[in-house]
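Asker: below: sequence and its predicted model.
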Amino acid sequence: METKFYTMLIYSENFAGILNQITAVFTRRQVNIESLNVCASSTPGVHKYTITCNCTEEMAKMLTKQIEKKIDVLQAHYFTDDELFILEACLIKVSTPLVLENPDVSRIVRLHGGRIVEVNPTYSIVEKKGMTKDILDLFSELNQLGVVLQFVRSGRIAVTKSTEERLDKYLEEMERMRK
Amino acid sequence: MKQKITGAEALMRSLEAEGVDVIFGYPGGAIMPTYDALYDHRKTLNHILVRHEQGAAHAAQGYARVSGRVGVVLATSGPGAMNTITGIADAMIDSTPMVVVCGQVGAAMLGTDAFQEVDVIGVTQPITKWAYQIRRAEDVAWAVSRAFYIARSGRPGPVVLDFARNAQTGLVDYEPAKVDFIRSYRPVPVPSDETIQQAADLINQSERPLVLVGQGVELGDAREELRLFLERGGMPAGCTLLGLSALPTDHPLNMGMLGMHGNLGPNVMTNRCDLLIAVGMRFDDRVTGNLDTYARQAKVIHFDIDPSEINKNVTVDVAVVGDCKQTLARVTALMQERRHDAWVEGFAPYRKQETEKVIEPAIHPQEGPLLMGEVVRRVSEATEHRAVLVTDVGQNQMFGCRYFQFSEGRSVVTSGGCGTMGFGLPAAIGATFGAPDRTVCLFVGDGGLQMTIQELGTIMEQGAPVKIILLNNNFLGNVRQWQYLFFNKRYSFTPMLNPDYEGIAKSYGIPSRTVTEREDLDDAIREMLVTPGAFLLQCAVKEEDNVLPMTPPGANVDEMMLEIEN
């Protein structure tokens, strides 16, 4: 069966140990998590998890159902890239002396839409936002020039393109059921 | 002005508020403040002192399975909590409502590798519906109420409360809490009218429907709704291991047990039906065999309360996600009154074939050593098929479930998904507390009995009237059967040297009798049943007997072996 790259958006109550429970579902079903971001959501007391992985659609369905089954998970849904606005970022620490020796470095950074956010005599910091591929392309080109000291890429963050806010709808529906 | 009480006392009041009357437990260091509080509540909270915490967990399971109430376990931290793990995992996979309260070191010492500190939440999270650490006395009432709500609602399951010592001793203005709503938890989904109609349409169009009855029918208290559903549609049914007593054995539409050692008819007909209707079951691999060939010709309707069971193993055409007590009734109301006489008749040749080749030789042997099957059937007959069947795991379980018969609900207590040897004896003790007016018959092998044999002490102390039928074959019989079939008869560590079980029973003050001859069996069973309280009936059964029929692991559901060639 065809595997695809899916992004799961999961919302939970802010209780200890839920991240563990969520990642354990991936482990049990032998699916690797490619990236993971956790932060407070726009709803007070609700945490948002953005998790990416490669799997079949059947597996994505199963994973989200098994995650949603956890008592304190509010919602879990899976999406393909075309259903989302996506952002990733990276920081690349490069050697300033080597950058000064090689004019290609700043050309490449500008070509890829990167930003130099710090320069000191020892090192410089390049920042880039974009999709995974754009970020990896920039890193790979700089790395080939041998100037990179450190590289870090963030997990993906994403919001849905849909005009419907499913979490709000769910919470409203549940509040109506509260006795 | 309210008087402050300790967290331990708050636990007692919260348990009482949840209607708890029996607790299975074992004291220890980190739970001592709670046991001290319990001392003043002995009249309302009947604490059963087990002999090992695993026994407490299985006893709570047995109690819950026959009563439908939440089983409660109390244990200390570290080793005490860890000893309950097998029972918690068992309760999780068999959907048994249970609350385990275990002690924990004080919050200030958490994470410091303190004496008897184990990360109980970390260990139990994957095998519980909910696991929560109570670190403040103020949280006791809320956590206990939430625990019971989660354990018993929706698809039931185990909950662990890890009770830090400082929360037990801390003082609190106790206010009862009642949790019956959690916004992130929808225990009982309600399917749309459209879904109900789709299910009814498929049933009304079907010529060869087959219903698979699971434990969900018992958990949902829907035996009557199931009966009406089957009878209106004239639909034959097979029962899973845990669903056996959801439909009386002698109901004309009951075609028998599903699965690896189930009956030939329902297994073969699974691959002949045009509509498969699963109710409260999860298409376990022991039921389906090879999924690639499982009921491929049929449309499938799946009634279940747990959305994550839908399309997990078998892809379905209509999923009716909800409480089967309601959903079965809603679908039944839209069903035409139907009969499928020819289809139902089609099961008869398989029943006849199985009866001649397997059942009769197993339950009415004319010569040779005693057989497990005949012992089980005699006990079932002697109790007029009204007793609670408790089994351990292995051949005793398969013979027990094949040949015991049922007329009442909540009559099967066996470890299904987990297959836990050692489950039987403590579960049977729990069952005597959950169903004090019923006869509780335990079938156990010589292997499984020794795994939790210390609970004979609990039986002695409590006078728990467990009728223990020890099917002694001096072997780990089920593994031996597999070694015979699939490992070239290499009996690697399955023969067993046994102790003098009657001597052991005597030490515990439990009357006993050993049967070796067929002609003594009925009298021995009679003696067991008329003797008040517990009884050990040791049956010296054929050493190398095999459970048949059998679907070899991974084989197609309709490819059952009726005999084993030498």
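Answerer: Thanks, I have the structure now.
Asker: contacts only, for the residue nearest the centre of chain A.
Answerer: The residue lying closest to the centre of chain A (CA atoms, centre = their mean) is residue A:156, at 1.4 Å. Residue A:156 is in contact with A:7, A:35, A:37, A:50, A:52, A:86-88, A:132, counting by CB atoms under 8 Å, 6 or more residues apart in numbering or on different chains. All C-beta spots, glycine's among them, are computed from the backbone N, C-alpha and C.
Asker: grab the nearest non-local neighbour of residue B:10.
Answerer: In this structure, residue B:10 finds its nearest non-sequential neighbour in residue B:140, 4.1 Å apart by CB to CB, 6 or more residues apart in numbering or on different chains.
Asker: how far away is residue B:345 from residue A:121?
Answerer: Distance of residue B:345 to residue A:121, computed by CB to CB, to the nearest Å: 93 Å.
Asker: over to residue B:278?
Answerer: Distance from residue B:278 to residue A:121, counting by CB to CB: 71 Å.
Asker: before we move on, what about residue A:132?
Answerer: Residue A:132 is 32 Å from residue A:121, where distance means CB to CB.
Asker: those two: which has the busier surroundings?
Answerer: A count of neighbours by other CB atoms under 10 Å in any protein chain shown puts residue A:132 above the other of residue A:132 and residue A:121, at 17 against 8.
Asker: surely the more buried one touches residue A:87?
Answerer: No. Here residue A:132 lies out of contact with residue A:87, judged by CB atoms under 8 Å, at a distance of 10.7 Å.
Asker: just put the contacts of residue A:156 in JSON lines and tack on pLDDT and secondary structure.
Answerer: Formatted as JSON lines, the entries for the contacts of residue A:156 read as follows, by pLDDT from 0 to 100; DSSP: H, G, I helix; E, B strand; the rest coil:
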{"residue": "A:7", "pLDDT": "98", "secondary structure": "strand"}
{"residue": "A:35", "pLDDT": "95", "secondary structure": "strand"}
{"residue": "A:37", "pLDDT": "96", "secondary structure": "strand"}
{"residue": "A:50", "pLDDT": "97", "secondary structure": "strand"}
{"residue": "A:52", "pLDDT": "97", "secondary structure": "strand"}
{"residue": "A:86", "pLDDT": "95", "secondary structure": "strand"}
{"residue": "A:87", "pLDDT": "94", "secondary structure": "strand"}
{"residue": "A:88", "pLDDT": "95", "secondary structure": "strand"}
{"residue": "A:132", "pLDDT": "89", "secondary structure": "helix"}
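Asker: closest one of those to residue B:193?
Answerer: residue A:7 (34.0 Å; CB to CB).
Asker: for the closest one, give me its contacts.
Answerer: A:50-52, A:78-81, A:84, A:86, A:156, A:158.
Asker: highest neighbour count among those residues?
Answerer: Highest neighbour count within the contacts of residue A:7, by other CB under 10 Å: residue A:51, with 25 neighbours.
Asker: residue contacts, the residue nearest to that one when sequence neighbours are not counted?
Answerer: What sits nearest to residue A:51 in space, not counting adjacent residues and going by CB to CB, 6+ apart, is residue A:8, at 4.6 Å. Counting by CB under 8 Å, 6+ apart, residue A:8 touches A:49-53, A:60, A:63-64, A:67, A:76-79.
Asker: quick one: buried residues of whichever strand or helix holds residue B:360?
Answerer: Element membership for residue B:360 (DSSP states H and E) is helix B:360-363. Buried residues in helix B:360-363, defined by neighbour count with 16 or more other CB atoms under 10 Å in any protein chain shown: B:361-363.
Asker: want to try TSV for these, with distance to residue B:308 and pLDDT as columns?
Answerer: Below are the buried residues of helix B:360-363 laid out as TSV (distance: CB to CB, whole Å; pLDDT from 0 to 100):
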residue	distance to residue B:308	pLDDT
B:361	42	97
B:362	38	97
B:363	40	97
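Asker: regarding residue A:6, what is its secondary structure?
Answerer: Classification of residue A:6 using DSSP: H, G, I helix; E, B strand; the rest coil returns strand.
Asker: that one bridge partners, please.
Answerer: Following DSSP bridges, residue A:6 is listed with bridge partners residue A:53.
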